[in-house]
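Asker: Quick one: sequence plus predicted model below, questions after.
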Amino acid sequence: MPKRTDIHKVLIIGSGPIIIGQACEFDYSGTQACKALRKLGYEIVLVNSNPATIMTDPETADVTYIEPLNLERLEQIIEKERPDALLPNLGGQSGLNLCAELNKAGILDKYNVKVIGVQVDAIERGEDRIEFKKTMNKLGIEMARSEVAYSVDEALAIADSLGYPVVLRPAYTMGGAGGGLVYNREELKTVCARGLQASLVGQVLVEESVLGWEELELEVVRDSENNIITVCFIENIDPLGVHTGDSFCSAPMLTISEECQKRLQEQAYRIVESVQVIGGTNVQFAHDPVTDRIIVI
């Protein structure tokens, strides 16, 4: 795609603290983005609350702010710097959440800031558990049986119908924050209360357990003209139940059949096309080698 001439200054949001789920890969990709955009002649304004990154080296961006990653501080920086565009998706969940908040608060419109690298409504379609489930149902792509809860009592009732163990997945969080696998009602009460608090929208998905299944991933890139490529196929060595951040993986896949990989790719492409992702996306699947059942997670 040709270089955009309607933007000159780009604000990049960093990922903040180094935690599981938004660690060095975001620092690396953010640093590379700064270098690439500066090489194209764009002025880069970087904001990151974590100074212990390569990204915050003074030579990486034209202007660097080591400030808290919150709505108030971001608006102050936007008001001062007046960027033409915001690149949020190299800041992990922090960047995506802040972009959604800035848009909802009308700050992006107020200062005429375009979002690049991702569509704001695609963040909601990908992050909101209800919206994502609706999209998968329309596509005919299977997910783990689940229901959304907005209170501990609702979660208890859902878990009773699904049967224990169940997985609790708070919306708009990353690195497993606030969620987890629970085996009984007492554990659910504790974890669900924590998850509701961690979720940006007070929403927790109560989901059937797929503990022990194979965890498989595709890194997919899509552009605005719907050209899609697979960067790599990833096979997690540990089964589901061991968090990716605590595990290790192989790219390319080593033990997964070519037929299964084709099914995963076909589903991943339909997902990113439907969600209308522009940029890079990690699509995760669970595969039961016994029944050959595939679900998107």
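Answerer: Alright, I've got the coordinates. What you see is a predicted model, and the numbers here were worked out from it, not measured in a lab.
Asker: which residues in this structure form strands?
Answerer: Secondary structure of the chain (DSSP state E): strands located at 9-13, 43-47, 63-65, 85-87, 114-115, 146-149, 166-170, 180-182, 204-208, 214-222, 228-236, 249-250, 279-288, 293-296.
Asker: Identify the residues contacting the residue lying closest to Arg38 once chain neighbours are set aside.
Answerer: Once flanking residues are discounted, Arg38 sits nearest to Ile44: 5.6 Å by C-beta to C-beta, 6 or more residues apart in numbering. Any C-beta I mention is one placed from the backbone N, CA and C, and that applies to glycine too. Neighbouring residues of Ile44 by C-beta atoms under 8 Å, 6 or more residues apart in numbering: 9-10, 12, 34, 37-38, 60-63.
Asker: Distance of Pro51 relative to Pro58?
Answerer: 11 Å (C-beta to C-beta, to the nearest Å).
Asker: again, but for Gly178
Answerer: For Gly178, the distance to Pro58 (C-beta to C-beta) stands at 35 Å.
Asker: Mind checking which of the two has more residues around it?
Answerer: Remark: of Gly178 and Pro58, Gly178 carries more neighbours, 21 against 8, as counted by other C-beta atoms under 10 Å.
Asker: so that one touches Gly195, yeah?
Answerer: Yes: here Gly178 reaches Gly195: they are 4.0 Å apart, a contact under C-beta atoms under 8 Å.
Asker: list residues touching both of those two?
Answerer: 168, 170, 204.
Asker: Rebuild those as CSV, extending it with distance to Glu186, pLDDT and neighbour count.
Answerer: Listed next are the shared contacts of Gly178 and Gly195 as CSV, based on distance: C-beta to C-beta, whole Å; pLDDT from 0 to 100; neighbours: other C-beta atoms under 10 Å:
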residue, distance to Glu186, pLDDT, neighbour count
Leu168, 14, 93, 24
Pro170, 19, 90, 26
Val204, 17, 92, 32
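Asker: Reformat those residues into a markdown table and put distance to Phe233 next to each item.
Answerer: Output for these, formatted as a markdown table (distance: C-beta to C-beta, whole Å):
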| residue | distance to Phe233 |
| --- | --- |
| Leu168 | 29 |
| Pro170 | 28 |
| Val204 | 30 |
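Asker: longest helix of the protein?
Answerer: Longest helix of the chain, by residue count under DSSP state H: helix 258-275.
Asker: Just the CA trace of that helix, in CSV.
Answerer: Provided in CSV are the C-alpha atoms of helix 258-275 (Å, rounded to 0.1, in the frame of the first residue of the first chain):
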residue,chain,number,x,y,z
GLU,A,258,-1.8,-30.4,7.2
GLU,A,259,-5.6,-30.9,7.0
CYS,A,260,-6.1,-29.5,10.5
GLN,A,261,-3.8,-26.6,9.7
LYS,A,262,-5.9,-25.8,6.6
ARG,A,263,-9.1,-25.8,8.7
LEU,A,264,-7.5,-23.5,11.2
GLN,A,265,-6.4,-21.1,8.5
GLU,A,266,-9.8,-21.1,6.8
GLN,A,267,-11.5,-20.2,10.1
ALA,A,268,-8.9,-17.6,11.0
TYR,A,269,-9.3,-15.8,7.7
ARG,A,270,-13.1,-15.8,8.0
ILE,A,271,-12.8,-14.3,11.6
VAL,A,272,-10.4,-11.5,10.7
GLU,A,273,-12.5,-10.6,7.6
SER,A,274,-15.7,-10.5,9.6
VAL,A,275,-14.3,-8.5,12.5
